[in-house]
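Student: output the structure for:
(2 chains)
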Amino acid sequence: MDFYIGLMQVIGVHTLLGLSAWCVLHTGQVSLAQGGFFAIGAYGAGMLTAMAGWPLGGALAAAALLSGLVAVTVGFPALRVKGLMLVVATTAFAEIVRLVFFNLKWQVQTPQGPVGPDGGLGFGGIRYFPAHAWSGLEVLALIWSLVAAVMLTLWWLDRSRVGTLWRAVGEDEVAAQSAGINLTIAKVSAFGIGGVIAGLAGGLFSHNTTHIEHGNFTILLATFAIAYPILGGLKSLAGTLVAVVFIQGLLIEGLRFLGDWRSLLFGALILAVMLVRPGGVLAAPLQWPTNRRKPASGTAVPQERTGHA
Amino acid sequence: MLELQNVARHFGGIKAVDGIDLTVHQGEILGLIGPNGSGKSTTVNLIAGLYKPTSGRVRFLQEDVTELQPHERAERGMARTFQNIRLFSQLSVWQNLWAARVVRESGWAGLRARWFASAAQGREQAEQMLEFCGLQGKRDLLAGNLAFGEQRRLELARAAISGAPLLLLDEPAAGMNAEEIDDLDQRIRTLRSQGRTILLIEHHMELVMGVSDRVVVLNFGRKIAEGLPHEVQQDPQVQAAYLGADEDDELAQTALRA
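Tutor: Residues are numbered from 1 along each chain as shown, chains lettered A, B, ... in the order given. Presented below is the predicted three-dimensional model:
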């Protein structure tokens, strides 16, 4: 039973991580920085409860906010580039964050001994849940109520004008800016909200595992973060959830006996989905374009010569 | 209303636009024509802000907008269509219009209106525009799944919904049949009767000569003629540009009058 509770907790945390990437992907940007924001949330919230003695709610909120602020700060310069350059820039950012925590040594004395990030040895003793006698089920309930809250908020955002503008920017940046949409604000807002969600996920992660280290926040985590919404499809939030259940539940846990071969399967799975269902597993049924004609530039030449088509 | 002052745009050694002066007056339909590669599209992009001029100034509504971004110019009151349709193809017809509402309030009110406004007024505008482009029955279809002519109409409506006093139409008739062009002609006149000023960049002579109040002709990035449609048609330089200097004059006349 504990195994399933643990698995459901992981799925909840990873759903939040996937939703953070979902926001950014909406504006047509591919960001590998989500693992970095996740790390900031994990370390930030952990330090606040374990070292400063904050209550959990305050620590989670503060860590999420911090993550969002970092995202906005990084977003302004980073989102000036797009495509592959943005992938490079955000990967670099995530690595910088990881290396900062790899080198961060800052401990305080508590009755239970020294607590705090200890460089490469990681940051243990984030024992808020055990210390306050939370059961696994209670932690699970907390995680999933936050997942529900975030999903509802994003669902509402997506239906509001914000979602329309994000999608418009993701569709065609030139048309969007000519229609009066400020690209910077649209992209940075999506990046910032994604940062908040990733930070929240990180805070839940560190409290749930009680021990974190820089190795938790490698590029693999960022790959998972964008794989969920891509596999699930950007059309719906539920797609991200389904993809997390599939990857974490079936692929990672269900096929544990396959060992490292699972990574191979993960790659094959992404390829297969891109080939068979380019819009994601939960995308609308394939629709064929009904354009009778394409605006061919070649047709303009005879018109110009003869005066009419 | 709009004024280009000696505007030039060079791409490397190519002088796409080589110092043109252009004035669009309030309430007129100005036709901008010229052979392929004469700099028409570059001119539109310079006006809309997608390109920055190599030299020269762009003034719009008594303000120098040369250094402004495209969305800032859109906020000041210009909207455009594209030569090769650029709709938000995975968004519905309604969302295409909804996304293009331009909000002119600033500060907190502007932020609310821009990002969250339910804005009964905005919905009403969008409804009017649906009617204008005749797509009321297709409001929830994806824009990418519309027929070609419908996509053109929607793009025109998307430009018009901003309420922009100046509309830049970049070859709106490209790929249209005669019937659709008549329809477009009517829509352009309707927009003008609502007080819009229109800069019409077009290859289709019949449409331009019929609907424009004035016509400007570009060739090799320079303005070679300007005037009333029939004056421009008579202009020997224009005829030469369209048919080559050695061609028979009579043939040129026929072509331009068509």
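Student: quick check: the gap between B:Gly31 and chain A.
Tutor: 14 Å (CB to the nearest CB, to the nearest Å). Using the backbone N, CA and C atoms, a C-beta is placed for each residue, glycine as well.
Student: okay, helices next: where are they in the stretch 51-200 of chain A?
Tutor: A:56-78, A:84-103, A:128-131, A:136-159, A:161-171, A:173-178, A:183-209 (DSSP state H, counting those that start in this stretch).
Student: now the stretch 201-309 of chain A
Tutor: In the stretch 201-309 of chain A, the helices defined using DSSP H, counting those that start in this stretch lie at A:219-232, A:237-244, A:261-276, A:300-306.
Student: redo those as TSV? Include distance to chain B and mean neighbour count.
Tutor: Below are the helices of the stretch 201-309 of chain A laid out as TSV (distance: least, CB to the nearest CB, whole Å; neighbours: other CB atoms under 10 Å in any protein chain shown):
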stretch	distance to chain B	mean neighbour count
helix A:219-232	15	22
helix A:237-244	15	23
helix A:261-276	17	13
helix A:300-306	5	15
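Student: between the helices of the stretch 51-200 of chain A, which one is closest to B:Pro172.
Tutor: Across the helices of the stretch 51-200 of chain A, B:Pro172 has its closest neighbour in helix A:173-178 (14.6 Å, CB to CB).
Student: residues contacting B:Val65?
Tutor: B:49, B:58-59, B:72-73, B:76 (CB atoms under 8 Å, 6 or more residues apart in numbering or on different chains).
Student: equivalent analysis for A:Gly180, please.
Tutor: B:71, B:74-75, B:79, B:100, B:102-103, B:162.
Student: next, format the helices of the stretch 51-200 of chain A as TSV and append mean neighbour count.
Tutor: Below are those laid out as TSV (neighbours: other CB atoms under 10 Å in any protein chain shown):
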stretch	mean neighbour count
helix A:56-78	20
helix A:84-103	17
helix A:128-131	16
helix A:136-159	16
helix A:161-171	24
helix A:173-178	23
helix A:183-209	26
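Student: let me have these in CSV, extended by distance to B:Glu63 and mean pLDDT.
Tutor: Shown next, in CSV, are the helices of the stretch 51-200 of chain A (distance: least, CB to CB, whole Å; pLDDT from 0 to 100):
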stretch, distance to B:Glu63, mean pLDDT
helix A:56-78, 26, 95
helix A:84-103, 33, 94
helix A:128-131, 57, 93
helix A:136-159, 34, 95
helix A:161-171, 25, 90
helix A:173-178, 18, 93
helix A:183-209, 21, 96
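Student: what residues sit buried inside stretch B:2-16?
Tutor: B:2-5, B:7-9, B:15-16 (16 or more other CB atoms under 10 Å in any protein chain shown).
Student: equivalent analysis for stretch B:55-73, please.
Tutor: Neighbour-count burial for stretch B:55-73 flags B:56, B:58, B:60, B:65-66, B:68-71, B:73 (criterion: 16+ other CB under 10 Å).
Student: let me see the mean pLDDT of that stretch.
Tutor: What stretch B:55-73 shows for mean pLDDT is 94.
Student: before we move on, the earlier item: give me the subset of the buried residues of stretch B:55-73 that lies in strands.
Tutor: B:56, B:58, B:60 (DSSP state E).
Student: surely the first one meets B:Gln5?
Tutor: Yes - between B:Gly56 and B:Gln5 there is a contact at 5.6 Å, judged by CB atoms under 8 Å.
Student: quick one, what contacts B:Leu50?
Tutor: A:174, A:178, B:70.
Student: A strand includes it, no?
Tutor: No - under DSSP: H, G, I helix; E, B strand; the rest coil, B:Leu50 sits outside any strand and is assigned coil.
Student: how far away is it from A:Glu173?
Tutor: 11 Å (CB to CB, to the nearest Å).
Student: shared neighbours of these two, which are they?
Tutor: Contacts common to B:Leu50 and A:Glu173, judged by CB under 8 Å, 6+ apart, are absent.
Student: any residues of the stretch 101-250 of chain B in contact with chain A? List them.
Tutor: With CB under 8 Å from any CB of the partner chain as the criterion, the stretch 101-250 of chain B meets chain A at residues B:102-103, B:114-117, B:142, B:144-148, B:151, B:158-159, B:162, B:171, B:174-178, B:203-206, B:242.
Student: which among those residues end up buried?
Tutor: Buried subset of those (neighbour count, 16+ other CB under 10 Å): B:102-103, B:114-115, B:117, B:142, B:144-146, B:148, B:151, B:158-159, B:162, B:171, B:174-176, B:203-206, B:242.
Student: out of these, name the ones that lie in strands.
Tutor: Per DSSP E, these never map to strands.
Student: which residue is the nearest non-sequential neighbour of B:Pro53?
Tutor: Using CB to CB, 6 or more residues apart in numbering or on different chains and skipping residues adjacent in sequence, the residue nearest B:Pro53 is B:Val7, 4.8 Å away.
Student: how about the one you found, what does it touch?
Tutor: Applying CB under 8 Å, 6+ apart, the residues near B:Val7 are B:17, B:19-22, B:43, B:46, B:53, B:55-58.
Student: wait, which of those is closest to A:Phe224?
Tutor: B:Leu46 (44.9 Å).
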